[in-house]
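> show me how the following folds:
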Amino acid sequence: MSDTLFSKIINREIPADILYEDEDALAFADINPQAPVHFLVIPKKPIATINDIEEEDKAVVGHLYLVAAKLAKDMGFAEEGYRAVMNCNPYGGQTVYHLHLHVLAGKPMGWPPYQETLKTE
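Sure, this is the predicted structure:
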């Protein structure tokens, strides 16, 4: 996998508002928030997409969710609720090809997330 924006954040080549860090994961505020609270939790290991997760990655991927839950509790919105989602490839909305978990909170979330009209011809 080539260098991405997120690998540059991990390597401190690009600044970020870091909320959490350990040997396996990093969490930081999203620069284009889609909710009052919006941060990303990423593995330090470069994994491009959900499709690239391998058997040996299951612990680190699970760890991303544990970090999200810890931050939700620490930041005071765990009981109120939040959304945790990963996008995969272009149709899934992925724009940075380094696995990342979006955590969004601070307002009620609707479903479906996007109210787009599908064109049929």
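> remind me which residues of this structure are low pLDDT?
The model of the chain has pLDDT under 70 over residues 1-2, 113-121.
> mind listing the helices in the protein by residue range?
Using DSSP state H, the helices of the chain run over 5-10, 58-75, 89-92.
> ok, the closest residue to Ala25 other than its chain neighbours to Val61 distance?
Distances taken as Cβ to Cβ, 6 or more residues apart in numbering place Val67 nearest to Ala25, at 5.1 Å, with adjacent residues excluded. C-beta: built from backbone N, CA, C; applies to glycine. Separation of Val67 from Val61 (Cβ to Cβ, to the nearest Å): 11 Å.
> and what of Cys88?
From Cys88 across to Val61, the span is 13 Å (Cβ to Cβ).
> likewise for Asp52?
Asp52 is 11 Å from Val61, by Cβ to Cβ.
> elements contacting the strand of greatest length in the chain?
Secondary structure assigned by DSSP state E gives strand 37-43 as the longest strand of the chain. Contacts defined by 3 or more Cβ pairs under 8 Å, 6 or more residues apart in numbering; DSSP states H and E place strand 37-43 against helix 5-10, strand 25-29, helix 58-75, strand 101-105.
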